[in-house]
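> Make a model of this:
(chains A and B)
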Amino acid sequence: MAKTAQEKIDAKKEKAYYKKHKKMYRTTPGDVVFNILNYTFFGIFTLTCIFPFYYLLINTISDNELVKKGLINFYPKGLNIDNYIALRKVGDLGSSFIVTVSRTLIGTALMVLASAFVGYLVTKQEMWHRSLWYRFLVITMYFNAGLIPIYLNMALLGLTQNYLVYILPLVVQPYNIILVKTYIESIPAELEESAFIDGASYMVVFRKLIWPLSKPILATIAIFGAVAHWNSFQDSLLYMQGNSELFTLQHRLYIYLNMSSNIAALMSQGGTAAQQAMEQALNAKVIKYTISMVSVIPIFCVYPFMQRYFEKGIMLGAVKG
Amino acid sequence: MREEKIETRGALGGLYLIQRLLSVAIIIIAFFPVANPAKICGLVSNKMSLFTAAVSYSTLTGDLRRAFRMGWVDEYIFVIAFIAAIIAMLGIAVTAAGVCASMGNLRLQKLGLKFSMIGTIVEIIGYIACVVSYLLLKSNVTPDKLGEVSPQFPMGVIVYGILAIVLLLLSIGIFVKAPSVPLGMKYDMESKYKLFLMFLPFAVFAFLFCYLPLYGWRYAFFDYKSGGTLSADNFVGFKWFVYLFQNKATRRDLVNVMTNTLAISGLNVVTTWIPMIFAVFLCEMRNMKFRRFVQAFTTIPNFISWVLVYAIALAIFSTDGFINTFAKQVGLLGANDTGSNYLMGDSLTWVKMWAWGTWKGVGWSAIIYIAGISGIDQSLYEAATVDGAGRFQKMRHITLPGLIPTFFVLLLMAIAGILSNGLDQYLVFSNADNAKHINVLDLYVYTLGIGNGSIPLSTVVGMFKSIISIILLFAANGTSKLLRGESIV
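Have a look, this model is predicted:
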């Protein structure tokens, strides 16, 4: 995590402050006890958040024989990436991967474009019945018709068993529109006015002025939108019944996790029955772990970039119309 | 400069208004599955609108696969019907463009009228093609299968056709009567309408995916089976509403489900303070590096899906997971013991679900409080220190009071969302053992509607949920206004 210059200055100031007032801030035995307890608690809790991922990782990159015996608990042994290579042979995983990656890219791009454009439009006081239309959008945050009516609606629109169901319903998202609107309102109005005086149209102002200026907020909604797309599970479960080619990665993972029999059966070749059975039992666990790792790695990759958008992102839940 | 437009007052203005409203009506009904002009036989689904017929050939002929295979009818007839639907929709699209243009100045308005004329003519051609496909079908279908295919005259054609003809006549009339365009006038539109037209496509999205589902509430009043149709025959009024409470089995389910929902949500509501305390104690740590480390990693679980949380749960708690293998290694379990699968049993299911939710969300929820703490005036702490306040006194008298407003809002939101536990978590963690205690409202609606196919009943349950939720939200908002003078929505 990179510290910004301001944070560094703050830390320095804080240190200097405590040095100056050392007497006042003398640590008492009570403080020591408190600190020990506090640090221990947070240490342990953080461990519970990291360890499961670490455990998955070491089990997928270790010697499968040792994994089967349950000997890989804290550090990897017999490093190899054979399991990741073996995933190629797990049928359907490839299509799920393509579906998820493509919906994440296309869905996020469209959502960001739409949010930016609509966010800009609703800042325009001169729009015909602006407040009415703005409310029309915002109200949708507070009610929904329910799972089944929404499902029936998708069927009515011909979107079940259809890739578009991953993209279209998520294009217009009132939360994000409100965020963008609030942000654009903070941009000095003079900039826009001078552009209009120069004869620019709304589209030009949006493209040349608003879009570049609101990049920070657009990055925020993009990153949260992308994570939501990547993690999507429910829409695949509901709308793709029977059309396994279009399952998302999370849905596929869910199916694999619930297979009491073995995924490895999909990829075993040759060998005696007993040998095969053993290999399958062994692989089932490791392959579940490996698929889990594959679907969590992208989150870890974007995570460092996400962190600076956290504070804006959490305001998602606290914004007002 | 005055905008030159067709006057909105007077007889011509009145007709123009009617013309525009009629166009809008034509556009809208094309999306409703009533009187579909492309429904040329009994096997074409009742639930299909003209629009659906025009965009999806496979939906149009979904129930006709068998008829094609068995050679009862020739497929080309339905290709014609499909093309007819496309032509009609194209006409409607042109009409729509005409309505949009009617918001502009005189020149644009006249262009719009031309569009309306062309559009309606194209539409009428489409409807005629529908009739042609019907006539072809009638003569083509194998005589002994007439009953099964049951060709029927598409009544929609009459309705849509009359509307289109009226619109065509109106458009021509207005076009002739309207003042001629002054020389040198350019196409133009007032910016308020321009902005509105740019906004319109997005409003359509919101309408399709947020408002239109409400139309699905009508299923609650019909005796509907998956794949069936809604008609006056199976209209049952409030039967399902009564059934839900009078039938012993559903009543028992409902009581069970509500108990689970309220218990788990209740646990969440009474522990809304945890992220706040988490943040307060986190900020007590002076070691910034460690603090950042903790913050970074406790937030991660929020960003992984519930399926992945379940994958982690399996890796740690299942029979061959970490806990069991580790216990074997250190000798707590015999090498040949199977170990226990901690995810299966039904002990403390509510608490377990709450714990998973808290583990996943606490780091993330704490961020808003951390932001709040950094916003508190540092001089308050200094003054308190000078006055001899200890760590806990400062927390109690400075930090917490500063965070209470945020806490209050989040508490109210938690109460408003008490019926919405979400589906994912409970679906992935449910199994044969814990089914009784994990079945929350969202999961119940899912299994009832999708699993068992009781569409009307699950719609009723969903309706109750939606209505109660919105009442709760308003109540929470009202409470907030009353106590803090600020609304939360």
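> contacts and neighbour counts: CA atoms only from here.
Will do.
> show me the contacts for residue 254.
No chain was given, so I picked chain A. B:307, B:428 (C-alpha atoms under 8 Å, 6 or more residues apart in numbering or on different chains).
> My question was about chain B, not that one.
So, once contact is read as C-alpha under 8 Å, 6+ apart, residue B:254 ends up touching nothing.
> residues of the helix or strand where it lies that come out buried?
Counting by DSSP states H and E, the element that carries residue B:254 is helix B:248-270. For helix B:248-270, the neighbour count (16 or more other C-alpha atoms under 10 Å in any protein chain shown) marks B:253-254, B:256-269 as buried.
> Next, give phi and psi for residue B:238.
phi -90, psi 20 (degrees, to the nearest 10).
> scratch that, residue B:222
Here the main-chain torsion angles of residue B:222 (degrees, to the nearest 10) amount to phi -120, psi 160.
> Could you report the neighbour count for the residue of the stretch 201-321 of chain A found nearest chain B?
Nearest residue of the stretch 201-321 of chain A to chain B (C-alpha to the nearest C-alpha) works out as residue A:231 at 5.1 Å. Other residues near residue A:231 come to 24 when the count uses other C-alpha atoms under 10 Å in any protein chain shown.
> And the helix or strand harbouring residue A:58, what's buried?
Using DSSP H and E, residue A:58 sits in helix A:29-60. By neighbour count on 16+ other C-alpha under 10 Å, the buried set for helix A:29-60 is A:35, A:39, A:42, A:46, A:49, A:52-60.
> does that helix come close to chain B?
Yes: legend: contact between helix A:29-60 and chain B by C-alpha under 8 Å from any C-alpha of the partner chain is shown at A:35, A:38-39, A:42-43, A:45-46, A:49-50, A:52-53, A:55-56.
> And that helix, how far out from the chain middle?
Helix A:29-60 has its C-alpha centroid displaced from the chain centroid by 24 Å (C-alpha atoms, centre = their mean, to the nearest Å).
> which strands and helices sit next to that helix?
Counting contacts by 3 or more C-alpha pairs under 8 Å, 6 or more residues apart in numbering or on different chains; DSSP states H and E, helix A:29-60 packs against helix A:273-306, helix B:288-299, helix B:306-317.
> Using TSV, lay out those helices together with mean neighbour count and mean pLDDT.
TSV is the format used below for the helices and strands packed on helix A:29-60 (neighbours: other C-alpha atoms under 10 Å in any protein chain shown; pLDDT from 0 to 100):
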stretch	mean neighbour count	mean pLDDT
helix A:273-306	18	77
helix B:288-299	17	91
helix B:306-317	22	93
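> Out of the ones you listed, the one nearest residue B:195 is which?
In terms of C-alpha to C-alpha, the element of the helices and strands packed on helix A:29-60 nearest to residue B:195 is helix A:273-306, at 33.5 Å.
> elements contacting the closest one?
In terms of contacts (3+ C-alpha pairs under 8 Å, 6+ apart), helix A:273-306 is packed against helix A:29-60, helix A:64-69, helix A:82-86, helix A:215-230, helix A:249-258, helix B:306-317.
> What sits closest to the residue of the stretch 51-200 of chain B found nearest chain A if chain neighbours are left out?
Across the stretch 51-200 of chain B, no residue is closer to chain A than residue B:192, which sits at 4.2 Å (C-alpha to the nearest C-alpha). The shortest distance from residue B:192 to any residue other than its chain neighbours is 4.2 Å, reached at residue A:127 (C-alpha to C-alpha, 6 or more residues apart in numbering or on different chains).
> need the contact list for the one you found.
Contact criterion C-alpha under 8 Å, 6+ apart gives A:121, B:191-196 as the residues in contact with residue A:127.
> try 6 Å this time
Under the criterion of C-alpha atoms under 6 Å, 6 or more residues apart in numbering or on different chains, the neighbours of residue A:127 are B:192, B:195-196.
> ok, now how distant is it from residue A:214?
Applying C-alpha to C-alpha, to the nearest Å, the value for residue A:127 to residue A:214 is 21 Å.
> mind checking how far residue A:67 is from residue B:437?
With C-alpha to C-alpha as the criterion, residue A:67 and residue B:437 are 34 Å apart.
> Of those two, give the one with the bigger neighbour count.
Counted by other C-alpha under 10 Å, residue A:67 and residue B:437 do not tie: residue A:67 has more neighbours, with 23 against 20.
> ok, for that one, nearest residue in space, not its chain neighbours?
Of all residues beyond its chain neighbours, the one nearest residue A:67 is residue A:59 (6.2 Å), with distances taken as C-alpha to C-alpha, 6+ apart.
> pLDDT at the one you found, what is it?
Reported pLDDT at residue A:59 in the predicted model: 91.
> hang on, the earlier thing: any chance of the helices and strands packed on helix A:29-60 in CSV with distance to residue B:212 as columns?
Formatted as CSV, the entries for the helices and strands packed on helix A:29-60 read as follows, by distance: least, C-alpha to C-alpha, whole Å:
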stretch, distance to residue B:212
helix A:273-306, 34
helix B:288-299, 36
helix B:306-317, 29
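> So for residue B:155, which of those helices sits nearest?
Between residue B:155 and the helices and strands packed on helix A:29-60, the tightest spacing by C-alpha to C-alpha is seen for helix B:306-317, at 49.1 Å.
> per the record, what domains does the chain have?
With no chain named, the answer covers chain A. Under the assignment named as automatic domain parsing, the residue ranges that make up the domains of chain A are A:5-80, A:84-321.
> To clarify, I was referring to chain B.
Taken from automatic domain parsing, chain B resolves into B:10-189, B:241-484.
> circling back: what's the spacing between the nearest residue to the residue of the stretch 201-321 of chain A closest to chain B once chain neighbours are set aside and residue A:102?
Beyond its immediate neighbours in the sequence, the residue positioned closest to residue A:231 (C-alpha to C-alpha, 6+ apart) is residue B:305, lying 5.1 Å away. Relative to residue A:102, residue B:305 is positioned 18 Å away (criterion: C-alpha to C-alpha).
> can you pull the contacts of residue A:169?
Counting by C-alpha under 6 Å, 6+ apart, residue A:169 touches residue B:209.
> now swap in the one 10 residues further on and tell me
For residue A:179, the contact set (C-alpha under 6 Å, 6+ apart) is empty.
> ok, back up a step: and residue B:305 and residue A:102? which has more neighbours close in?
Set side by side, residue B:305 and residue A:102 show more neighbours around residue B:305, with 22 against 16, by other C-alpha under 10 Å.
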